[in-house]
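**Q** pasting the sequence and the predicted coordinates here, then a few questions.
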Amino acid sequence: MEVSLKNQVAIITGSSSGIGAGIAKSMAESGATVIVNYPFAGALEQANAVLKEITDHGGNGIVYMCDVSKEDQVIKMFQDVVSQFGTVDILVNNAGIQKDAPFTEMTFDQWNAVIGVNLTGNFLCAREAIKEFLRRGIDTSRSIACGKIIHISSVHEIIPWSGHANYASSKGAIRMLMQTLAQEYGRQKIRVNSICPGAIQTPINTNAWNTAEALDSLLKLIPYDRIGQPEDIGNLAVFLASDKADYISGTSVFIDGAMTTFESFSTGG
């Protein structure tokens, strides 16, 4: 089964590293022109490295700096991408941060920073994407859908996470945002889904896997007994963005090595 994103333009937020970089590489390999978004000037080198890997393998794309929590920057990113490439077909809302603290010690700034990127960023980018989808309408030379949005959520949209109240709250809210958009714009043939990764080997969770002891402890939570890789998420994102997944909308797809089956109960709890 060939899964193709040929002739399509994909914005992947927060794609200068980690899961976002994996998605950008996978989508480019499948034929999409990718916008490798990075949040601030200090991440330009990483973004360029991702783009170089893409172009070295025959793919196409650009890098674009945008803080997704800032409305004016998001609006300009979409305007510039449409001006350069004609439209946007796929949005992957991947950008996310963690600022962890015990709840009673969590500052207002920590709360707002995480909600701003992880949730408000999803809102702002999805809003601009849907506006562009509706402006363009369905072009079957590109896709049988009018547009595709994929939110990168987390197993923590359903698993509480002590010490991470801001992060878990943002991911739980993404589920409702995703389902509401799928409901509201389904008749216009706009598909909206979430991918919910478990433990993926990326810089955001280095402390969970960078020593043998830490990795062993982590694997006790994962029945499939391996840590996920960014390409695992990339492969799923390509499928969900393709016409092969045209009847999938309003769904959270968990990709976690069965983490959500709660390994600690495998022997009866």
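**A** In hand now; what should we look at?

**Q** pull the distance from stretch 37-45 to the chain's centre.
**A** Relative to its chain's centre, stretch 37-45 lies at 17 Å (C-alpha atoms, centre = their mean, to the nearest Å).

**Q** quick one: contacts of it?
**A** Contacts to stretch 37-45, defined as C-beta atoms under 8 Å, 6 or more residues apart in numbering, come from residues 11-17, 20, 46-47, 63-68, 77, 95. No exception for glycine: its C-beta is placed from N, CA and C like everyone else's.

**Q** pull out the buried residues from those residues.
**A** Among these, those scoring as buried are 11-17, 20, 46-47, 63-64, 66-68, 77, 95 (criterion: 16 or more other C-beta atoms under 10 Å).

**Q** which of the residues you listed fall within strands?
**A** Where the buried ones among the contacts of stretch 37-45 overlap with strands, as defined by DSSP state E, the overlap consists of 11, 12, 63, 64.

**Q** excluding chain neighbours, what is closest to the second one?
**A** Of all residues beyond its chain neighbours, the one nearest residue 12 is residue 92 (4.3 Å), with distances taken as C-beta to C-beta, 6 or more residues apart in numbering.

**Q** next, give phi and psi for the one you found.
**A** Geometry field for residue 92 lists phi and psi as phi -110, psi 110, criterion degrees, to the nearest 10.

**Q** and stretch 68-78, average pLDDT?
**A** Stretch 68-78 comes out with an average pLDDT of 98.

**Q** going forward, count from 37.
**A** Shifting the count to begin at 37 puts that one at stretch 104-114.

**Q** what segments of the stretch 137-286 of the chain are strands?
**A** Listed in chain order, the strands found in the stretch 137-286 of the chain under DSSP state E, counting those that start in this stretch are 183-188, 226-233.

**Q** tell me which of these sits most buried.
**A** Of all these, strand 183-188 carries the top mean neighbour count, a mean of 27, counting by mean count of other C-beta atoms under 10 Å.

**Q** that strand: partners in the sheet, and parallel or antiparallel?
**A** Partner strands and pairing direction for strand 183-188 (DSSP bridges) are strand 126-129 (parallel), strand 226-233 (parallel).

**Q** TSV please, covering these and showing distance to residue 150 and mean pLDDT.
**A** Formatted as TSV, the strands paired with strand 183-188 follow (distance: least, C-beta to C-beta, whole Å; pLDDT from 0 to 100):
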stretch	distance to residue 150	mean pLDDT
strand 126-129	15	99
strand 226-233	17	98
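
**Q** residue 159 is nearest to which of these?
**A** Shortest separation from residue 159 across the strands paired with strand 183-188 is recorded for strand 126-129, at 9.0 Å, computed as C-beta to C-beta.

**Q** how many neighbours does residue 39 have?
**A** Taking other C-beta atoms under 10 Å as the neighbour definition, residue 39 ends up with a count of 16.

**Q** swap that for residue 64, please
**A** Burial of residue 64, expressed as a neighbour count using other C-beta under 10 Å, amounts to 27.

**Q** now do residue 243
**A** The number of residues packed around residue 243, counting by other C-beta under 10 Å, is 9.

**Q** so what's the closest residue in space to residue 154 that isn't next to it in sequence up against?
**A** Sequence neighbours aside, residue 206 is the residue nearest to residue 154 in space, at 3.6 Å (criterion: C-beta to C-beta, 6+ apart). For residue 206, the residues meeting the contact criterion (C-beta under 8 Å, 6+ apart) are 132, 150, 151, 154, 155.

**Q** got a pLDDT number for the last one?
**A** pLDDT recorded at residue 155 is 98.

**Q** next one: residue 265 from residue 238, what distance?
**A** In this structure, residue 265 and residue 238 are 9 Å apart, going by C-beta to C-beta, to the nearest Å.

**Q** typo on my end, residue 41
**A** 23 Å.

**Q** alright, that wraps it up for me.
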